[in-house]
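A.B. asks: Quick one: sequence plus predicted model below, questions after.
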Amino acid sequence: MTSDKCMRAEAIVIGAGISGIAAAKCLQEAGFEVMVVEKTGEVGGLWAFKENGYGVMRFTHINVSKQNYCFSDFPFPDDVPDFPHNQDMAKYIADYTVHFGIDKLIRFETQVDHIERVGGEWHIQVSKLADNRKGSQVVTDKELIIAKFVAIATGHHAQPKWPRFQGQESFAGEMIHSVGYKDAATNCLLGKRVAVVGIGNSAVDVAVDCATVGRCKKVYLSTRSGAWVLPNYVFGRPTDHYACRTFLALPWQISTYILETVVRLVSGNPSRWGLKPKMHALQTQPTVSPTLVHHIQRGNIKVVPDIQKIAGNTLHFVNGEIAEVDHLILCTGYHIDLPFLSQEVRDQVFVQDSNSIKLYKNVFSPDIGQSLAFIGFVQPASGGILTMSETQARWFAQLCKRKVKLPTKIRMEENIASEEEACKGRYFSSSRHTIQRDPILYNDEIASFIGAKPQLWKHPTLIWRLLLSSCGAAQWRLQGPHHWKYAHQEVLKVPSTELLHYSALVLIALFGLILSGLLICIL
C-alpha cells in the first residue's frame, strides 16, 4: 500500500512511553511544534499492562521510590505508596500527559517504518494501523512526515535475548521469554515445576510470583553470575534514598565496600543463600527484592548455577545437579533494536555485533549531530531511568533552540571512547552494562550543559540535602531553563537518611576534634 500523503512537523518524537512524553513536553515548552507517533493505542510504553504483548507483569511494582522515579515538575500524589504498582504508574503517566497537553500531540496506532536523513531534514515513513476481525493489526494507510528534529524514544528493551542451551530442542515442556510472562495463573503455572533463568529484577519477580501465587511444586532460579540482592528498605528508608552526591563521590571500590557491608548486616552474606555474586555490588545493577531471600530461606526457591544442557524435562546444571521441570522462563534481557533506521544511520549509531551504541552521552551521534536524539537509551546503575530521560530531553530542546552547542565531532568521539574504557574498568562484563550510568552523576553532568545542575551556593538552605540525600527529581528544576517554582519544597520532602545524616555528623565532629588537637599542639 502506498500513499502520496505528506505532512511536516518541526519536531517528531517516536514513542509515547515515559521517555517519549518527557521529550514531547520539553520540546513543546521550548516552543516547538511537536508530533508524537505511538504504535499502540495508549501512553506509558511498558508501564501500560497488556494481557498480550509487550509490557509489565500483572504484579509489577517499580523498584525505585516514587521520589526518584517521577517527572521533575509533576510529583506523585501523597497517597501513592513509596513503590507504586504498575496501575499507579499508568495512571500517573496518563495524568501527566493530559496535564501538560501532550495527549493532543499524539498520533496513536501509528507505526514507524523507516527513518532517513534527506539533506538537512528527516523523512519518517509511517503506517496507520487498525484492528481487524481476527484480533491483529493491519495497515490501513501510509504517510510521509518531514521533520527538522527527531527524538527516538522507543526504549532499549526492544528485542528479547534468547540464549541457546545444549539439547534445548529436546525440552518437552514450555519455554517462554519473560516478555510473555504475566503471572503464574495467566501462564498456567499453578502447581507446576518451574526454572527461571536470570538473576535480574524481572527474574526475581517471576520466581517469587511462582513460589507464592503459583504455589509451584519447585522453583529453581538459575544464574551464571550470582547477584547482590538489596531489599526495598534499608533501616526504614527506601534503598535508593542512600544514593547521594557524597556517597557517589567516593572511589567506587570504597562505596561498594560500604554497600556490601550494609547488605551483609541486613540480609546476611549472599553466598549463604546460594547467590554467590562474581562481582562487587557496584559493578552491576543491583537486584532489588524484599522477599527473595525470605523464600530462599524457606526452601520455596532454590538458587542453582547455569544450565549445562537440557535432556527432555531434565535440566543439567554446571555443578552436576539436575532438576525436572515443566516450564522454563528466560529472563535474559533484551537487545537494542531499531529496525526502522536507515542503514546509513544504523552504521553511525551501532557497534556491529554488539549491544553497544556510539552516542555522545548516550544521546547524540557525532556523525549526525543534534538533529537526532536518542532519549532513554541508558541503563541506570541505581535509581530509575525517568529522570535521566527527562534531563536528556531538556538538553535536546535547548540544542534545538541553539541555546547551547555540542562539542566538535572529535571531542565527542574521544569522550565516547574514554567513557567506554571507564565502563569496562568498573562494570562486570555483560551486554546490559554497555550503557550503564549513575543517575545522579549523569543528570548533574547533562544538566550542567544547560545551567540546570543544582549549585550549592545558589541554594544554601538545601546544601545538606544536596550532599547527603538523593533529593528526588525536582532538584534539577531548581534552576535552569523552565525551572519550577515548587522545586525547593519538593526537594525538602526527600530527607537524608538517618544513617547518612548521623554518619556525616560523626565525621564532622571527629574532624573538629582532630583540628582542635592540632591547633592546641601548634599553640
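C.D. replies: The structure has been received and is ready for your questions.

A.B. asks: Okay, strands next: where are they in the stretch 101-250 of the chain?
C.D. replies: 106-107, 110-118, 121-131, 137-152, 159-160, 174-177, 193-197, 218-222, 229-230, 233-234, 237-238 (DSSP state E, counting those that start in this stretch).

A.B. asks: got the buried residues for the longest one?
C.D. replies: Going back to what we said before, that points to strand 137-152. Residues of strand 137-152 classed as buried by neighbour count (16 or more other C-beta atoms under 10 Å): 137, 142, 143, 145, 147, 148, 149, 150, 151, 152. C-betas here are computed from N, CA, C, even on glycine.

A.B. asks: Could you take the strands of the stretch 101-250 of the chain and lay them out as CSV, with extra columns for mean pLDDT?
C.D. replies: Listed next are the strands of the stretch 101-250 of the chain as CSV, based on pLDDT from 0 to 100:
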stretch, mean pLDDT
strand 106-107, 96
strand 110-118, 95
strand 121-131, 92
strand 137-152, 91
strand 159-160, 85
strand 174-177, 95
strand 193-197, 97
strand 218-222, 97
strand 229-230, 94
strand 233-234, 94
strand 237-238, 94
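
A.B. asks: out of the ones you listed, nearest to residue 66?
C.D. replies: strand 237-238 (8.8 Å; C-beta to C-beta).

A.B. asks: Out of the strands of the stretch 101-250 of the chain, which gets nearest to residue 42?
C.D. replies: strand 106-107 (9.5 Å).

A.B. asks: Would you mind listing the outside residues contacting that closest one?
C.D. replies: 16, 24, 35, 36, 37, 38, 43, 97 (C-beta atoms under 8 Å, 6 or more residues apart in numbering).

A.B. asks: swap in stretch 164-176?
C.D. replies: 187, 307-313, 325-330.

A.B. asks: Give the buried subset of these as a PyMOL selection command.
C.D. replies: Here is the PyMOL command that picks out the buried ones among the contacts of stretch 164-176, judged by 16+ other C-beta under 10 Å:
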select buried, resi 187+307+308+310+313+325+326+327+328+329+330
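
A.B. asks: Quickly check the contacts of stretch 164-176 for the two that are furthest apart.
C.D. replies: Using C-beta to C-beta, the two most remote members of the contacts of stretch 164-176 are 187 and 308, lying 25.7 Å apart.

A.B. asks: and residue 437, how many neighbours?
C.D. replies: As a burial measure, residue 437 scores 21 neighbours (other C-beta atoms under 10 Å).

A.B. asks: Kindly state the pLDDT recorded for it?
C.D. replies: Residue 437 is assigned a pLDDT of 89 by the prediction.

A.B. asks: Look up the pLDDT of the nearest residue to it once chain neighbours are set aside for me, please.
C.D. replies: Distances taken as C-beta to C-beta, 6 or more residues apart in numbering place residue 378 nearest to residue 437, at 5.4 Å, with adjacent residues excluded. Residue 378 carries a pLDDT score of 92 in this model.

A.B. asks: number of nearby residues for residue 378?
C.D. replies: 23.

A.B. asks: Distance of it relative to residue 428?
C.D. replies: 18 Å (C-beta to C-beta, to the nearest Å).

A.B. asks: same check, this time on residue 462
C.D. replies: Per C-beta to C-beta, residue 462 is found 35 Å from residue 428.

A.B. asks: And for residue 157?
C.D. replies: Residue 157 is 19 Å from residue 428, by C-beta to C-beta.

A.B. asks: These two - which one has more neighbours?
C.D. replies: Using other C-beta under 10 Å, the more surrounded residue of residue 157 and residue 428 is residue 157, with 20 against 15.

A.B. asks: which one is the more buried one nearest to, not counting chain neighbours?
C.D. replies: Here the residue nearest residue 157, using C-beta to C-beta, 6+ apart, is residue 334, at 4.4 Å.

A.B. asks: Pull the contacting residues for the one you found.
C.D. replies: 156, 157, 158, 159, 160, 161, 179.

A.B. asks: quick revisit: among the contacts of stretch 164-176, name the ones in strands.
C.D. replies: 307, 308, 309, 310, 311, 327, 328, 329, 330 (DSSP state E).

A.B. asks: Centre-most residue in the protein?
C.D. replies: residue 385 (4.1 Å; C-alpha atoms, centre = their mean).

A.B. asks: Please report phi then psi for that one.
C.D. replies: phi -80, psi -20 (degrees, to the nearest 10).

A.B. asks: Provide a list of residues in contact with it.
C.D. replies: Residue 385 neighbours (C-beta under 8 Å, 6+ apart): 18, 19, 376, 378, 379, 439.

A.B. asks: So for it, what's the pLDDT?
C.D. replies: 93.

A.B. asks: same question, residue 135
C.D. replies: 55.

A.B. asks: related to what we said a few turns ago, of the contacts of residue 334, which pair is most distant in space?
C.D. replies: 156 and 179 (13.7 Å).

A.B. asks: ok, the two, which is more surrounded?
C.D. replies: Each of residue 156 and residue 179 has its neighbours counted (other C-beta under 10 Å); residue 156 has more, 24 against 17.

A.B. asks: rewinding a little: which one among the contacts of stretch 164-176 gets closest to residue 319?
C.D. replies: Distance ranking of the contacts of stretch 164-176 against residue 319, using C-beta to C-beta, places residue 308 first at 8.8 Å.

A.B. asks: Which pLDDT value belongs to that closest one?
C.D. replies: Looking at residue 308, the pLDDT reads 96.

A.B. asks: Any figure for the gap between it and residue 323?
C.D. replies: In terms of C-beta to C-beta, residue 308 sits 12 Å off from residue 323.

A.B. asks: Right, I'll leave it there.
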